[in-house]
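Asks: Curious how this folds, go ahead:
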Amino acid sequence: MQRSNLLKYSIIGMVTLLLSLTFSFSSPHFIEDSNPADSLYISGKIHYDRYYPFIKYKNNFVEWTNVQSVSHFYEALKNSNHKKVRVLHIGDSHVQADIFTGYIREHMQDIFGAGGRGFIFPYAAAGTHSAYDYRSYYTGAWSGIRNIQNNEMHDMGLTGATVWTSDPNATLRFTFQYETLRPSFRKVKIWCKKGIQSFDMKIKYNLLDDEIFVKTNSDSSCSYVSCIIPAASENFEISMFASDSLQTGFECYGVEFETDENKGVEYSSVGINGAGFNHLLHENLFEQQLRDYQPDLVIVDMGANDYYLGGLDWNDFENNLVRIVDNIKEACPETSIILSCSQDIYRRGMNVIGTQNHAQIIKKVSGDRNCAYYNYFKVAGGQYSMYQWRKYGLANRDFVHLSAAGYYVKGSLIVNGILNSYLRYLGSNNTNIDTEKDMISNLPDSIFSLKDSILVETYSIENDTSKLKLYYKVKSGESVSSIAKKYNVTVFDIKDWNDLNSNYLKIGQLLVLYVNKPKPAPVNKKAATTKTAPGIIKYKVKYGDTMWGIATKYGVTMTQIRTWNNMKNNNIVPGKILIIKK
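Replies: The predicted structure follows:
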């Protein structure tokens, strides 16, 4: 299949996002004696930071027609204090960046305990970007391939990518952002091709001279080799080492970090820009590695790349999804599976109606193959809701990918969807859930941090002092697209500002445009951020600010900001002065 334009948006938009932002999630608050099977404990963890009127919070459930489809996963959560729970979240560009899945990981570990970071990958050696919380580097001669590319020479597994080298001096290195890799994630598994022809490895951590020697020719039936490091570190390096003349190369499928304790949640996210169902089926080691990983839950969260360009045979789409589900069940018969779908998206100003078909097909396949499903299309607002996501600053200009704040909202919806259904399961493990019939009857205001103030903090272009309001008269031969290009705005912007339902314009029609004001000459003026004592900044909260955004801006955590300002939660209001220590 021709590579989708989503891949282009992924490479440009997501790389820009990753290079420009540093994400800091709040530190975990898991208490060791918490009871993960206690309904009161779980209900107290259901919480949204923001209320958006277009999101269907009352429908936010994982759904199923047979409770056996989720019982393995939810029973595992009940016992997460005594046995590790593994989750594998498979997706495309939205998942490769790991922004919303990173949010899910942090909050599931906040509730059920931290069992591991899960998979990472040396993406730099494969020619693509890493996730939000780490960067990868390499030295020496490496080659790589991803599941969206033709691959006949090299094996490929769960991560959807493979890198290889014949250079005995080559290295792979990972640097993690501060505090994102927990010290307890000491067990390292390197998923690789094993045998007498594979290089052995030397592991270095924390930039120390100490090395751990790892052989690759032991227990060839297992997909990985493992070692324990004294403590997880922000720097981790794998060096090739030819200890025998028969060793001629090394092939890597990913690296996994977890605790050496059998409890908590390990949440692995594996996504490839531009990937669809057909690409996932290219992974010839998928079933073998899935058996070795032994997930309690697999989330299949992709498919939009299959139909984004149009011209898709929907029978093929459904059949590919069925094959994926059957492969998972063949490898791990007890594993629970949740099928998810895309939210509303657009292409060249036109609504992609395939998202509705996608939602219908995952519901059908989940019933036919005894899976659960998450109707993210419906929960996120349904058809045409992407306009609202964009209006509230939650979506990018491509009307496909989300902004940082948008992915934060998406992660929150999925976490709470899982918890809402888990709460129902704890109440009666024979209950089926169908949001066509079942809804949350009452949403208490207490589950929203800022339900009322969202209308105050919502971005309004009319009040944006950086924009200049213009009135433009349409001339002969002009189109919405040409006018948008002329003023460096988008077609969606013009249609939204002028309540246009189509791209049709009349000669002489008057349009409202909001364009960037010319930048004034530099002047000395007091900024919103003022410095006081050395290393201390006073920041005045503006409309639209969030604790997460402020923490991201200054490279600190939300927990640190709360501590410095004696705050009990993340609630902030315009005008509040926050102390930031640098």
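Asks: How is the chain partitioned into domains?
Replies: Listed domain ranges for the chain are 5-450, 467-516, 529-543+545-581 (source: automatic domain parsing).
Asks: Highest mean neighbour count out of those domains?
Replies: domain 5-450 (a mean of 19; mean count of other CB atoms under 10 Å). Where C-beta positions appear, they are placed from N, C-alpha and C, glycine not excepted.
Asks: Pipe the domains of the chain into TSV and attach mean pLDDT per row.
Replies: Formatted as TSV, these follow (pLDDT from 0 to 100):
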stretch	mean pLDDT
domain 5-450	90
domain 467-516	84
domain 529-543+545-581	79
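Asks: for the nearest residue to Asn375 once chain neighbours are set aside, helix, strand, or coil?
Replies: Using CB to CB, 6 or more residues apart in numbering and skipping residues adjacent in sequence, the residue nearest Asn375 is Ala359, 5.4 Å away. Three-state assignment for Ala359 (DSSP: H, G, I helix; E, B strand; the rest coil): helix.
Asks: Return the distance of Ala359 relative to Ala484.
Replies: The gap separating Ala359 from Ala484 is 30 Å, by CB to CB, to the nearest Å.
Asks: my guess is Lys469 meets Val512, correct?
Replies: Yes - judged on CB atoms under 8 Å, Lys469 makes contact with Val512 at a distance of 6.8 Å.
Asks: Which neighbours do those two have in common?
Replies: Counting by CB atoms under 8 Å, 6 or more residues apart in numbering, Lys469 and Val512 have no common neighbour.
Asks: secondary structure element for Lys495?
Replies: helix 491-497 (DSSP states H and E).
Asks: again, but for Tyr407
Replies: helix 404-427.
Asks: try Thr175
Replies: Going by DSSP H and E, Thr175 is in strand 171-176.
Asks: For that strand, name the packing helices and strands.
Replies: The elements that strand 171-176 packs onto, with contact taken as 3 or more CB pairs under 8 Å, 6 or more residues apart in numbering; DSSP states H and E, are strand 134-139, strand 235-241.
Asks: and Ser502, which of these is closest to it?
Replies: The stretch from these with the least distance to Ser502 (CB to CB) is strand 134-139; that distance is 44.5 Å.
Asks: Would you mind pulling the contact partners of the helix or strand that that closest one is followed by?
Replies: Where DSSP H and E defines the elements, the next helix or strand beyond strand 134-139 is strand 143-146. Residues outside strand 143-146 that contact it (CB under 8 Å, 6+ apart): 125-128, 151, 154, 156, 160-165, 272-273, 275.
Asks: now do 6 Å
Replies: With contact meaning CB atoms under 6 Å, 6 or more residues apart in numbering, strand 143-146 is reached by 125-127, 151, 161-164, 272.
Asks: And stretch 410-419, by the same measure?
Replies: For stretch 410-419, contacts defined as CB under 6 Å, 6+ apart pick out 42, 46, 48, 60-62, 100, 103-104, 107, 374, 379.
Asks: For these, could you give me TSV that also reports distance to Val541 and secondary structure?
Replies: Converted to TSV, the contacts of stretch 410-419 look like this (distance: CB to CB, whole Å; DSSP: H, G, I helix; E, B strand; the rest coil):
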residue	distance to Val541	secondary structure
Ile42	32	helix
Ile46	26	coil
Tyr48	20	strand
Asn60	28	coil
Phe61	34	coil
Val62	35	coil
Phe100	24	helix
Tyr103	22	helix
Ile104	27	helix
His107	24	helix
Tyr374	34	strand
Val379	29	helix
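Asks: Widest-spaced pair of those residues?
Replies: It's Ile42 and Phe100 that sit farthest apart of those, by CB to CB, at 21.0 Å.
Asks: What's the biggest strand in the chain, counting residues?
Replies: strand 250-258 (DSSP state E).
Asks: Could you list the alpha-carbon positions for it in PDB?
Replies: What follows is strand 250-258, C-alpha atoms only, in PDB (Å, rounded to 0.1, in the frame of the first residue of the first chain):
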ATOM      1  CA  PHE A 250      24.200  -8.000  15.900                       C
ATOM      2  CA  GLU A 251      20.500  -7.500  15.300                       C
ATOM      3  CA  CYS A 252      18.400  -5.600  17.800                       C
ATOM      4  CA  TYR A 253      14.600  -5.500  18.200                       C
ATOM      5  CA  GLY A 254      14.300  -3.200  21.200                       C
ATOM      6  CA  VAL A 255      15.300  -2.800  24.900                       C
ATOM      7  CA  GLU A 256      13.000  -3.200  27.900                       C
ATOM      8  CA  PHE A 257      13.300  -1.700  31.300                       C
ATOM      9  CA  GLU A 258      11.400  -3.100  34.300                       C
END
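Asks: Mind giving me the packing neighbours of it?
Replies: If contacts are counted by 3 or more CB pairs under 6 Å, 6 or more residues apart in numbering; DSSP states H and E, strand 250-258 sits against strand 114-120, strand 161-165, strand 187-192.
Asks: immediately after it, which helix or strand?
Replies: Sequence-wise, the next helix or strand downstream of strand 250-258 (DSSP H and E) is strand 265-271.
Asks: so who does Asn498 touch?
Replies: 511-512.
Asks: so how far is stretch 373-390 off the chain centroid?
Replies: Distance of stretch 373-390 from the chain centroid (CA atoms, centre = their mean, to the nearest Å) equals 17 Å.
Asks: start to end distance for it?
Replies: Distance across stretch 373-390, first residue to last, is 26 Å (CA to CA, to the nearest Å).
Asks: contact partners of it?
Replies: 54-56, 59-60, 62-63, 338-341, 343-344, 346, 355, 359, 362-363, 366, 395, 399, 413, 417.
Asks: try 7 Å
Replies: Applying CB atoms under 7 Å, 6 or more residues apart in numbering, the external contacts of stretch 373-390 come out as 54-56, 59-60, 62-63, 338-346, 351, 355-356, 358-359, 362-363, 366, 395, 399, 402, 406, 413-414, 417, 435, 492, 496.
Asks: Of those, which belong to strands?
Replies: Secondary structure assignment by DSSP E places 338-340, 346, 351 of the contacts of stretch 373-390 in strands.
Asks: if we can go back for a sec, so which of the helices and strands packed on strand 250-258 comes closest to Arg173?
Replies: Per CB to CB, nearest to Arg173 of the helices and strands packed on strand 250-258: strand 114-120, 11.6 Å.
Asks: Show me what that closest one is packed up against.
Replies: Applying 3 or more CB pairs under 7 Å, 6 or more residues apart in numbering; DSSP states H and E, one finds that strand 114-120 contacts strand 250-258, strand 265-271.
Asks: Adjacent strands (with direction) for it?
Replies: Counting by DSSP bridges, the strands paired with strand 114-120 are strand 250-258 (antiparallel), strand 265-271 (parallel).
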